[in-house]
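Peer 1: attaching a predicted model along with its sequence, questions to come.
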4 protein chains.
Amino acid sequence: MEKITPILNAARDLFAEKGFEQTPIADIAKKAGVAGGTIIYHFKSKENLLFILIRQILYSLYRHAQDEISTATNGLNAVESYIRAFFSFLDSRGSDFKVLLKTNPFEVINLQEHPNADVKLIFDRYLDLLVDAIKRGQADGSIRDGQPAELGKFIFAALFGSAQLKVVFGDSSTNLRDSALHFARAGLKK
Amino acid sequence: MEKITPILNAARDLFAEKGFEQTPIADIAKKAGVAGGTIIYHFKSKENLLFILIRQILYSLYRHAQDEISTATNGLNAVESYIRAFFSFLDSRGSDFKVLLKTNPFEVINLQEHPNADVKLIFDRYLDLLVDAIKRGQADGSIRDGQPAELGKFIFAALFGSAQLKVVFGDSSTNLRDSALHFARAGLKK
Amino acid sequence: MEKITPILNAARDLFAEKGFEQTPIADIAKKAGVAGGTIIYHFKSKENLLFILIRQILYSLYRHAQDEISTATNGLNAVESYIRAFFSFLDSRGSDFKVLLKTNPFEVINLQEHPNADVKLIFDRYLDLLVDAIKRGQADGSIRDGQPAELGKFIFAALFGSAQLKVVFGDSSTNLRDSALHFARAGLKK
Amino acid sequence: MEKITPILNAARDLFAEKGFEQTPIADIAKKAGVAGGTIIYHFKSKENLLFILIRQILYSLYRHAQDEISTATNGLNAVESYIRAFFSFLDSRGSDFKVLLKTNPFEVINLQEHPNADVKLIFDRYLDLLVDAIKRGQADGSIRDGQPAELGKFIFAALFGSAQLKVVFGDSSTNLRDSALHFARAGLKK
DNA sequence: GATGAATGAGCCTTCATTCAT
DNA sequence: GATGAATGAAGGCTCATTCAT
């Protein structure tokens, strides 16, 4: 029971470092100071371990954005907070984020299967945070007209693309963040 | 010798569909109508087959962008052409693109090792096309000031993020393209 | 202590349904509403649990035959009662019988090892019931001459073969019983 | 390709000796002088290897009975030949037979699944040989009236029960055969 | 008596790669 | 150039059993 956290931590680190497929359960076990069978005992399968991990990470990301947005004074400001939150998460919890990007979670995990559905759900919620900020901005006059869902999706895409650039090629997240803020403002302002 | 093309085609389709790790050489062999040994005989290793494939695809993408840009009348126009080229490639050669996104090529392939270096090279060239367009725009007055490399990287990130959204969740590439054009114009124009 | 019966019942059902090897202790535990460790605690090992079960079942079979024979008026009649008892047991306690046939108990259980010896003992006693009936028939003139042990063994073999046919292929036990009675009478009568 | 026979031979011996579940593929490989992977390469799965083996054995048994019956002069004679063939097979190819009895093939092998269907088919054919002999006897007057299918099934059951007695407890097949012949004659003759 | 988390040996299977033909 | 039988290391998973509580 108290082995669950060490396992999750070991898995996070190894998945982030070498990827899901390249990480044998035995390695996780060794790093977590646990027997191989213990991992399956608690997580049923290696894939499910990934799923649990992804859900945790996604939820943290969601909460982090939510916190940041909560103090925004208007819609555009909320979008900026959302972007800042994304990059600060990326910086402070880079290892977590690598898991997200290195495992193509939505490929490895079959989203059709019931228990995985909530990963998609959290993901959607996280996107909604951005779309809602845009709607708010359109209501309070800080953001121009346009379909909030489409504007949101594109910004979202840009954020994940930036993260990939940082994670894969080591690009500076500061520069990417500033560019993201710049383009978002330019594209959204009235 | 004449077995090489069928092998590449089969590999492309299968890598696109199920991913690199999930595709056994035996499956490629069967789909290509070839013996398993033949693939190793021609490509040395499975990883190298992926490398060859990625290089081909990346090069096509590069040429496609180059073609599109060649008729641009100014820098901003060239950037727009670059974006359009990206999405038209994504639409017409979706399977190729999936290979790029599903294999995290820059993870699987160790870019430090010599023969793989040119994948990174083509990749950089492709990015340079965009950066050069921005520089051109700054020279001809169609694009505002700012560091071309950073502006370019962000647009680039947004494009790949969009592709991922399309490939993974099936989002409309038309909407994503229009948003990309919108944000690029807004962020680059004087 | 009061957990023993539920465990035995669950084990009986599962062994009958899926066989000994195919039934994990965990499944028995769940079905019995008991913890996994409890089963080992009470039965020492999975194999020993099977052994206890087999002994119970065999003893029931033995008692059932004994009861039926007790009212027989002569030897041939006793043999017929024995056969009828076998099939009525097979019908009324099919699940028990399946355990016997599905586990090849005499393979799984090493009869050389001391505590298991009494399974073989009960088995022999059960066979003796039949052999004794034949002897009795030879004494009272209802059964022809011949080696009782051999005649008995063959009838015995036929009964177990019939049970297997019923259990595996679902053949009618009524037909099999009538045939058994027919052949036994024909082969034993003077 | 030339490894298939050694594998089948090794599997036959080991399944006969220790049973299907108790025989790791690695043991078969070692005994066959082959790599572990080779077995799966040729037989797809351990279960399928058993299936192939069972089919071979069953077919031999079938052919053996067919040969023996072919010279019978009448129906009753054919039944006797069938019984003799059974026991001579049991004696000369005891190891093969043990595989049949030790694996409860009809349990391990899911008869519903297509490729396994023919095991049941051969099995039925083998039984039909006996039923047809009984019909022939009823036609030529050497065998009394009665439902051939039921009479056949019972004799069949007796034969398999006898084999089990021999295999498990080492009973003499000569005695069992003579008893079988005795009871069959007594039960079938006019 | 009972629990259930934890163990770790064991097993089947996968699969990239080799090599004799 | 091409084949495909053969390999064997590697990995995910099962499960009877142990033991601290």
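Peer 2: Structure's in. What do you need?

Peer 1: can you list the residues of chain A near chain B?
Peer 2: A:19, A:21, A:101-102, A:104, A:106-107, A:146, A:150-151, A:153-162, A:164-165, A:168-169, A:171, A:175-176, A:178-180, A:182-184, A:186-187 (CB under 8 Å from any CB of the partner chain). Placement of C-beta: from N, CA and C, glycine included.

Peer 1: among the residues you listed, which ones are buried?
Peer 2: Buried residues within the residues of chain A next to chain B, counting neighbours by 16 or more other CB atoms under 10 Å in any protein chain shown: A:19, A:21, A:101-102, A:104, A:106-107, A:150-151, A:153-162, A:164-165, A:168, A:171, A:175-176, A:178-180, A:182-184, A:186-187.

Peer 1: so A:Leu165 touches B:Lys153, yeah?
Peer 2: Yes - between A:Leu165 and B:Lys153 there is a contact at 6.3 Å, judged by CB atoms under 8 Å.

Peer 1: still on that earlier bit, among the residues of chain A next to chain B, which are located in helices?
Peer 2: A:101-102, A:106-107, A:150-151, A:153-162, A:164-165, A:168-169, A:175-176, A:178-180, A:182-184, A:186-187 (DSSP state H).

Peer 1: check contacts around A:Phe123.
Peer 2: Residues in contact with A:Phe123 (CB atoms under 8 Å, 6 or more residues apart in numbering or on different chains) are A:Leu58.

Peer 1: around DNA strand F, which positions in chain A sit nearby?
Peer 2: Residues of chain A that fall close to DNA strand F, judged by CB under 7 Å from any atom of the strand: A:Thr23, A:Pro24, A:Ile25, A:Ala26, A:Gly36, A:Gly37, A:Ile40, A:Tyr41, A:Lys44, A:Ser45, A:Lys46, A:Glu47.

Peer 1: quick check, nearest of the residues you listed to D:Asp124?
Peer 2: Closest to D:Asp124 out of the residues of chain A next to DNA strand F is A:Ser45 (40.9 Å), distances taken as CB to CB.

Peer 1: show me the shaky parts of chain A.
Peer 2: A:104-116 (pLDDT under 70).

Peer 1: tell me, how many residues neighbour A:Ala117?
Peer 2: By the criterion of other CB atoms under 10 Å in any protein chain shown, A:Ala117 has 10 neighbours.

Peer 1: DNA strand F versus A:Ile134, what's the distance?
Peer 2: Per CB to the nearest atom of the strand, to the nearest Å, A:Ile134 is found 41 Å from DNA strand F.

Peer 1: now A:Ala65
Peer 2: Distance from A:Ala65 to DNA strand F, by CB to the nearest atom of the strand: 32 Å.

Peer 1: again, but for A:Ile155
Peer 2: 36 Å.

Peer 1: residues in contact with that residue?
Peer 2: A:Ile155 neighbours (CB under 8 Å, 6+ apart): A:Val79, A:Ile83, A:Leu130, A:Ala180, A:Ala184, B:Phe183.

Peer 1: recalculate using a threshold of 7 Å.
Peer 2: With contact set as CB atoms under 7 Å, 6 or more residues apart in numbering or on different chains, A:Ile155 has these partners: A:Leu130, A:Ala184.

Peer 1: and if you look at the one 3 residues further on?
Peer 2: The neighbours of A:Ala158, taking CB under 7 Å, 6+ apart as the test, are A:Ala180, B:Phe154, B:Ala157, B:Ala158, B:Gly161.

Peer 1: nearest residue to it other than its sequence neighbours?
Peer 2: B:Ala158 (3.7 Å; CB to CB, 6 or more residues apart in numbering or on different chains).

Peer 1: could you do A:Thr38 as well?
Peer 2: Per CB to CB, 6+ apart, closest to A:Thr38 is A:Lys3, 5.7 Å.

Peer 1: got the buried residues for whatever helix or strand A:Ile39 lives in?
Peer 2: Assigned by DSSP states H and E, A:Ile39 falls within helix A:36-43. Within helix A:36-43, the residues that count as buried by 16+ other CB under 10 Å are A:Thr38, A:Ile39, A:His42, A:Phe43.

Peer 1: figure out how far that helix is from the centre of its chain.
Peer 2: 26 Å (CA atoms, centre = their mean, to the nearest Å).

Peer 1: same check on stretch A:47-62?
Peer 2: 9 Å.

Peer 1: name the nearest residue to the residue most central in space within chain A, ignoring sequence neighbours.
Peer 2: Chain A has A:Leu58 as the residue nearest its centroid, 4.8 Å off, counting by CA atoms, centre = their mean. Excluding the flanking residues, the one nearest A:Leu58 by CB to CB, 6+ apart is A:Ile122, at 4.6 Å.
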